[in-house]
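Peer 1: Sequence and predicted structure, then a few things I'm wondering about:
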Amino acid sequence: MEIILLEDIGGLGKRGTAVRVADGYARNFLIPRKKAIEAVGNARAVFKDRERARVALEAKQRQAAEKLRDDLAQISLQFSVEAGEDDQLYGSVTAHEIQDALSAKGHTIERKNVRLPEPIKSLGVFEIAIHLYEDIEAPVKVWVVRK
C-alpha cells in the first residue's frame, strides 16, 4: 500500500514523502495513529493543504511567543521572605510562586515552563528563564529580599 507520511518516522521516511508499506502496517498502525494517510485520489493535495495550515499556525504561535517574550523581559518580580543571618531563606521561592506572581501581573504561564532548576533558597537577584515556544525563552528578573 502506498501512503503519505504525516510525520517523520525513523527507518521509513520524512514528513510528506510517499512510501510503500505492508497493508497491515498501514491499516493497523500508521493510519489509525494519524501518522500517515493513504495515497489515493487527491491525497497529495489534501496533505499540502494540511501542511500549509500547520505552517501558518506555527508562524502565528511563534509570533505570539516572541511578543510575550518582549513583554516578559520587562517584568521584574519581587519576593519578600524571612531569612536567617547568612541570607539563607526560611523556606524557598518555587516555580509555583513565580507562576502565581506572573499570573497576578496578567501573564498566564504553566508552571512546567518556568525553568527553575531548583527552588531559590537565598537572597539576591536571579534571572529565571520562562519557556514559551520551541526555542523561545524569556528572561524574568526575580528579586528575593529580606522581609
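Peer 2: It's in.
Peer 1: going forward, measure contacts between C-alpha atoms and count neighbours the same way
Peer 2: Fine.
Peer 1: Could you list the domains of the protein?
Peer 2: According to automatic domain parsing, the chain comprises the domains 2-63, 68-146.
Peer 1: okay if I get those domains as TSV plus mean neighbour count and mean pLDDT?
Peer 2: Putting these into TSV (neighbours: other Cα atoms under 10 Å; pLDDT from 0 to 100) gives the following:
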stretch	mean neighbour count	mean pLDDT
domain 2-63	14	92
domain 68-146	16	93
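Peer 1: Show me how far the longest helix along the chain is from its chain's centre.
Peer 2: Ranked by residue count and defined by DSSP state H, the top helix of the chain is helix 43-73. In this view, helix 43-73 has its centroid 13 Å away from the chain centroid, taken as Cα atoms, centre = their mean, to the nearest Å.
Peer 1: Does anything pack onto that helix? Which helices or strands?
Peer 2: On a contact count with 3 or more Cα pairs under 8 Å, 6 or more residues apart in numbering; DSSP states H and E, helix 43-73 meets strand 2-5, strand 124-133, strand 136-146.
Peer 1: In CSV: those strands, plus distance to R33.
Peer 2: Listed next are the helices and strands packed on helix 43-73 as CSV, based on distance: least, Cα to Cα, whole Å:
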stretch, distance to R33
strand 2-5, 11
strand 124-133, 25
strand 136-146, 29
